[in-house]
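> Only the shape, not the letters, is given here:
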């Protein structure tokens, strides 16, 4: 169990010592999604009023959460985030009239540790915010699988989800 | 699109006025999960050292996130949370040696608005923390679907996921 | 100087005791503004891309700041904010091609103390966020006078700026 | 070990359910101290410049920490603090030229749970801030015993340290 | 509208990528003010009790806000602030007995992006805190124009307000 | 009083300018403790249920507080903490059945200023959290002396408590 880098000599959690890790460019790409009804989809995308507003708010929430990652995730190191970009796409579900909003977050830093958690946290919070803003219409929305698509930089190098 | 209670008269977001909503007992139950490899499962549950520690940290993170919900989710009202309880279960995947950790969060308040977002945010952050603490072993872990199981209280009454 | 309710018996600051103040409906309306060049005005309002986006972000920032007021302003009491609404208007300056964006914030609570600081803080942060998003184009923007337009509720009753 | 109210049915931490506890007036009085050299004492109290400034900053820090208690202490409930007052006294140590600054914090609320943690956290942070502002002169300062002097209100009633 | 560096390819906000910007010494000087009645002026400056206390609290608030800038302003990068200094001056208004408190904030960093927002945010919050501490005497105080006086460092070099 | 580096030219507090200080490896070791009854000691260490849980939560709280130090302590600089480790030991009091839990915190950074405040703040918050989780059993627990054991790095070099 010494593989768990977050565990100290007394078997409890610690914030891993990264003092001697190199400062390199690091990026991470994370994915989340939320499945909504046709009605909510039309409300979000409709031309009438407030076009794009739900997504704008969700995206601001995601970016702000990326910056708060080390205060939200206990063993996560504080990082000087150098860039965050969140993009959205809609997928039409085949068997129903539901739509799925996919959320892709890219996070970057020039630091001593990776930005995977920043990208994943931003993705989750973006989805949660869409839920919050649409829940008066339907509480049955489902936040889909959330995972790391890719990371670069650091000693462990590049990871790409197959 | 007037169904979106979070949209103001200029088509932008607002924090909905709940001044006149009744103070009632409210509860919410949310579900998330994270699928990990056999090796990580054994590390988390193993008898050797640090038994349960990953889950303890994840759970503290979830509870603290529940309390921070209104600072993480932009249009969410601040709430005097009166109780949060997070429980874990392991499910053995059928087609592989992977295990899935299910996370159930119960949040309670006596207030003017529901605690769905508190329960969902806590569930997501609990899963993200497990990811963070185990990612040195495998970056391919997947946070599973996150959704509301049940809510009670308030004008809209009880919701139960089918 | 005993008029300064925030000063304790040792002549230092304290958080005033409001334990015995009545819980009433309270509202506050605050005003701020930011003067920008014609070019920035067109960028913000232009039909091309990102319509309204600067204002959406600024407004989310204002709402989130309203919720953080008691952590930003040292002697301010924590309050269960029950609603925040931010609206924008553009005024054409007479003697120049500049435009002034006026920001009006309405904050509400049902609590033991007023929401003036929440409304004023939201107004300031909304203006600061517009500055931040446009400063690559011009660092000479000026945030205009910021003040309370009106408040209602509480022992001191209604205040209206003349 | 069921006496530990913070432990759930899986043997892990939870935020205790206080939904059904009565809303009553509650107060808590906490004590901390910091022992400093004669030179630091004179710097803090000296008539020259910045009179009282170290203590003013420390006190603001204490009051702000009281408001952040539920985000600092994991299982602590969020509380609508209704008043905080911090006072200082100097004690001359007998066997040396050192001085001890005593810090007394009174916290109040009208809520469903006590304010002991708010008072204790404010006392600790006040002492830590004095340390921070004077540490360029001496890193050997000692923060003295920190404890609850008294509490009132709630089901467990009044506690007074003997 | 591609001049808006904060807008991404989908027309929504992003946190600009500064990964490749050079680390240089950067400073910013911001100005705000608050106009108060003669009575409040005397309360703040009076010799009797609590001399300077309102300004001490306001200044602590400003410094703490400077450190929180990237959590308050959505698209602002986190920065390792290396120094903040806030100074005050009083100006006698000509046509009335009112006084205006001018607030000057200097912020410094050695980083990849400027500290303009830190200086401006600190200036606004300092003024807001004076308002908060004196509002029991008069709710008509006005926070005056807030702007950048000067910045140095970075690719865009020095800016000086004319 | 010019020895107080935190005081500006107007006799008020400032955040000291560290722009030109060298980036070096820095460590700090801090000590705190909490004295508890035999019954609480057994509850914390007992084999039955929730083994070690109180200490796990306390330690997570300490690590998270270390990361929040610059938002809790007003004049403290933000720092990229590179590692935090908290360890516990029990001491049997001689004259009574009480036990004292000693808390040792090691903090590390590669930065322009020291991590003494991070280590001390973490130590205090760890002790406060133990108090919080056990206070239903006894409100008379005492948090013992809190001080710096050692620091290394920076211009002032190594400090070791005698």
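Perfect, I can see it now. Bear in mind that the values here come from a model prediction, so they are computed numbers and not experimental data. Residues are numbered from 1 along each chain as shown, chains lettered A, B, ... in the order given.

> Which other helices and strands does whichever helix or strand residue A:107 is part of contact?
Remark: residue A:107 resides in strand A:99-111, with elements defined by DSSP states H and E. Under the contact criterion of 3 or more CB pairs under 8 Å, 6 or more residues apart in numbering or on different chains; DSSP states H and E, strand A:99-111 touches strand A:24-36, helix A:38-45, helix A:53-72, strand A:81-92, helix A:116-134. Backbone N, C-alpha and C define where each C-beta goes, glycine included.

> Tell me the first helix or strand C-terminal of the last one.
The one in question is helix A:116-134. With elements assigned by DSSP H and E, the helix or strand that comes after helix A:116-134 is strand A:142-143.

> what sits up against that following strand?
When contacts are defined by CB atoms under 8 Å, 6 or more residues apart in numbering or on different chains, strand A:142-143 is touched by residues A:32-35, A:124, A:127-128, A:131, B:120, B:124, B:145-147.

> Now cross-check these against chain C and list the overlap.
Filtering the contacts of strand A:142-143 for neighbours of chain C using CB under 8 Å from any CB of the partner chain leaves an empty set.

> These, buried ones only, as a PyMOL selection?
Listed next is the PyMOL selection for buried residues among the contacts of strand A:142-143, using 16 or more other CB atoms under 10 Å in any protein chain shown:
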select buried, (chain A and resi 32+33+34+35+124+127+128+131) or (chain B and resi 120+124+146+147)
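
> between the contacts of strand A:142-143, which is nearest chain D?
Distance to chain D across those (CB to the nearest CB) is lowest for residue B:120, with 16.3 Å.

> you'd agree that closest one is up against residue B:145?
No: between residue B:120 and residue B:145 there is no contact under CB atoms under 8 Å: 11.5 Å.

> List the contacts of residue A:145.
So residue A:145 contacts A:31, A:32, A:33, B:142, B:143, B:144, B:145 (CB under 8 Å, 6+ apart).

> May I ask which helix or strand of chain A has the lowest mean pLDDT?
Among the helices and strands of chain A, helix A:38-45 carries the lowest confidence by mean pLDDT, DSSP states H and E, at a mean of 91.

> Once you drop chain neighbours, what's closest to the residue most central in space within chain A?
In chain A, the residue lying closest to the centroid (CA atoms, centre = their mean) is residue A:123, at 2.1 Å. Of all residues not flanking residue A:123 in the chain, residue A:32 sits nearest, at 3.7 Å (CB to CB, 6 or more residues apart in numbering or on different chains).

> List the beta-bridge partners for the one you found.
Taking DSSP bridges, one finds residue A:103 as the beta-bridge partners of residue A:32.

> contacting residues for it?
By CB under 8 Å, 6+ apart, the residues touching residue A:32 are A:102, A:103, A:105, A:120, A:123, A:124, A:126, A:127, A:143, A:144, A:145, A:146.

> Now with 7 Å, please.
A:103, A:123, A:124, A:126, A:127, A:143, A:144, A:146 (CB atoms under 7 Å, 6 or more residues apart in numbering or on different chains).

> Out of the helices and strands packed on strand A:99-111, which is closest to residue D:90?
Comparison of those against residue D:90 by CB to CB identifies helix A:53-72 as nearest, at 36.2 Å.

> Direction-wise, compare the closest one with helix A:38-45 and give the angle.
Taking axes from the mean of the first three to the mean of the last three CA atoms, to 10 degrees, one finds helix A:53-72 and helix A:38-45 inclined to each other by 90 degrees.

> near chain D at all, helix A:53-72?
No: on the criterion CB under 7 Å from any CB of the partner chain, helix A:53-72 is out of touch with chain D, staying 8.8 Å away.

> Who are the packing partners of that helix?
strand A:81-92, helix A:116-134, helix C:53-72, helix E:53-72, helix F:53-72 (3 or more CB pairs under 7 Å, 6 or more residues apart in numbering or on different chains; DSSP states H and E).

> For it, give the mean pLDDT please.
Confidence over helix A:53-72 (mean pLDDT, whole number) is 96.

> got the angle for it vs strand A:99-111?
40 degrees.

> Buried residues of helix A:53-72, list them for me.
Within helix A:53-72, the residues that count as buried by 16+ other CB under 10 Å are A:53-72.

> Give me every residue in chain A lying close to chain C.
For chain A, the residues found near chain C under the criterion CB under 7 Å from any CB are A:53, A:56, A:57, A:60.

> for those residues, which one is nearest residue E:9?
Among the residues of chain A next to chain C, and counting by CB to CB, the member closest to residue E:9 is residue A:56, at 14.7 Å.

> Please name the nearest non-neighbouring residue to the closest one.
Nearest to residue A:56 is residue C:56, by CB to CB, 6+ apart, at 4.2 Å.

> check contacts around the residue in chain A that chain E sits nearest to.
Nearest residue of chain A to chain E: residue A:83, at 3.3 Å (CB to the nearest CB). Counting by CB under 7 Å, 6+ apart, residue A:83 touches A:108, E:15, E:16, E:17, E:18, E:19.

> Recalculate using a threshold of 10 Å.
Shown in contact with residue A:83 (CB atoms under 10 Å, 6 or more residues apart in numbering or on different chains): A:27, A:63, A:66, A:106-110, A:115, E:14-20, E:77.

> Ok, residue A:88 next?
Neighbours of residue A:88 in contact, by CB under 10 Å, 6+ apart: A:33, A:44, A:52, A:55, A:58-59, A:101-104, A:126, A:130, E:10, E:12.

> give me the number of residues near residue A:12?
Neighbourhood size, residue A:12 [other CB atoms under 10 Å in any protein chain shown]: 24.

> where's residue A:55 relative to residue D:43, distance?
Per CB to CB, to the nearest Å, residue A:55 is found 55 Å from residue D:43.

> any idea how far the residue nearest to residue A:56 lies from chain D?
Plainly put, residue C:56 is 27 Å away from chain D if you go by CB to the nearest CB, to the nearest Å.

> pretty sure that residue contacts residue A:61?
No: the criterion here is CB atoms under 10 Å, and residue C:56 misses it with residue A:61 at 11.8 Å.

> residues bridging contact with residue B:120 and residue B:145, i.e. touching both?
Shared contacts of residue B:120 and residue B:145 (CB under 10 Å, 6+ apart): A:143, B:31, B:32.

> The first one and chain C: what is the separation?
To tie it back to what came earlier, the one meant is residue A:143. Taken as CB to the nearest CB, the span from residue A:143 to chain C is 20 Å.

> Any idea what that residue is bridged to?
Residues in beta-bridge contact with residue A:143 (DSSP bridges): residue A:34, residue B:146.

> How about the contacts made by the residue of chain A found nearest chain D?
In chain A, no residue comes nearer to chain D than residue A:71, which is 8.8 Å away by CB to the nearest CB. The contact partners of residue A:71, taken as CB under 10 Å, 6+ apart, are A:78, B:64, B:65, B:68, B:71, D:71, E:71, F:64, F:67, F:68, F:71.

> Between these, which sits nearest residue E:89?
residue F:71 (28.8 Å).
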